[in-house]
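[1] Quick check, what structure comes out for this input:
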Amino acid sequence: MKTAIWTIVLLVVANVFMVFAWYGHLKLQEMKLIGANTPLYIIIVLSWAIALAEYCCQVPANRIGFTGNGGPFTLMQLKVIQEAITLLIFTVFTVVFFKGETLHWNHFAAFGCLVAAVYLVFMK
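    Sure thing, here's the model as predicted:
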């Protein structure tokens with residue numbers, strides 16, 4: 001049980017870094033902290049620096065959570081959990097940091113499908 005909790009905590013932290021690495025520069029641009037004319041290679045280097053922290057959490061989460069290493073999750077379960085966490089973190093990030101983005105019925109339907117995917121992947 002402890003391994004499962006650590007795996008999920010690390011996946012959550014990894015996904016927070018991932019969302020900021022992938023989409024944070026858009027908010028920085030909106031806040032005028034970086035310009036629209038900032039060279040793409042600078043944005044890429046900045047994103048990769050943030051993504052390094054993501055990898056430092058994602059890789060250990062997968063290693064300790066994987067059944068092949070004594071963890072509680074199959075590879076498929078790890079991936080579906082990670083995707084569900086990604087969508088949750090991305091949704092919170094979008095709603096909190098991008099005020100113009102709103103959630104619609106189809107977003108909730110998609111969330112329901114992901115919850116169903118998590119359920120189905122854990123079925124025996």
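
[2] From G24, how far out is the closest residue in space to I8 that isn't next to it in sequence?
    Leaving aside its sequence neighbours, I8 sits nearest to I81 (C-beta to C-beta, 6 or more residues apart in numbering; 6.9 Å). (Each C-beta comes from the backbone N, C-alpha and C, glycine too.) In this view, I81 and G24 are 23 Å apart by C-beta to C-beta, to the nearest Å.

[3] which of these two has more neighbours?
    When I81 is set against G24 and neighbours are counted by other C-beta atoms under 10 Å, the residue ahead is I81, at 21 against 18.

[4] Which residues are in contact with that one?
    Listed by C-beta atoms under 8 Å, 6 or more residues apart in numbering, the contact set of I81 reads 7-8, 11, 73, 118.

[5] can you rerun that using 7 Å?
    Residues in contact with I81 (C-beta atoms under 7 Å, 6 or more residues apart in numbering) are 8, 11, 73, 118.

[6] how many neighbours does the first one have?
    Translated: I8. Neighbour count for I8, taken as other C-beta under 10 Å: 16.

[7] these two touch, right, A36 and Q29?
    Yes - when contacts are counted by C-beta atoms under 7 Å, A36 is listed as touching Q29 (6.1 Å).
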